[in-house]
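*Asks:* Sequence and predicted model, in that order:
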Amino acid sequence: RGTTVGLAERPRFFKPEPGEVDEVVQADPEDKKTYPGDYRKWRFEVMLAWDRPDVQGEEGPRPEPAPKFEQEDPRYQRPGPWRCRSCYERRFQTMDFSLVPADSPDRCPKCDKPRKECGWSLWM
């Protein structure tokens, strides 16, 4: 019945609110081996959104509010190496996709920020 020239309602971009899942980094490789093709059983490494003044988007009530999480919730922590949120955000400029070694539990040696300031990925 023809081509649609315009949309009835334009898509809207809402600025991510702190505590919402902002980005999925990867599926757990071990879960993918254990449950091949059954992604509902996989855990995922995610980055939470944080307050970024440089990101613009609509504010206010959303059609469906996203769930929010606490950065330090023990259910989503994983011992060992960790991924710095600040460095991950700049990964395409630096071409550095590496994890922070487990022997640096409180500070990222690349951006030289405390872990609590730069943030880290969670496993859900």
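*Replies:* Noted; the coordinates are in hand. Numbers count the residues shown, from 1 in each chain.
*Asks:* Is Glu30 located within a helix, as I assumed?
*Replies:* Yes: under DSSP: H, G, I helix; E, B strand; the rest coil, Glu30 falls within a helix.
*Asks:* In contact with it, which residues?
*Replies:* With contacts defined as C-beta atoms under 8 Å, 6 or more residues apart in numbering, Glu30 has no neighbours. No exception for glycine: its C-beta is placed from N, CA and C like everyone else's.
*Asks:* swap the cut-off to 10 Å and go again
*Replies:* 42-43 (C-beta atoms under 10 Å, 6 or more residues apart in numbering).
*Asks:* do you know how far it is from Ser98?
*Replies:* Distance, Glu30 to Ser98, using C-beta to C-beta, to the nearest Å: 19 Å.
*Asks:* For the closest residue in space to Glu70 that isn't next to it in sequence, grab the count of nearby residues.
*Replies:* Among residues not flanking Glu70 along the chain, Gly19 sits closest, at 6.9 Å (C-beta to C-beta, 6 or more residues apart in numbering). Number of residues near Gly19 (other C-beta atoms under 10 Å) recorded here: 15.
*Asks:* what do you get for Arg78?
*Replies:* Here the count is done by other C-beta under 10 Å, and Arg78 has 14 residues near it.
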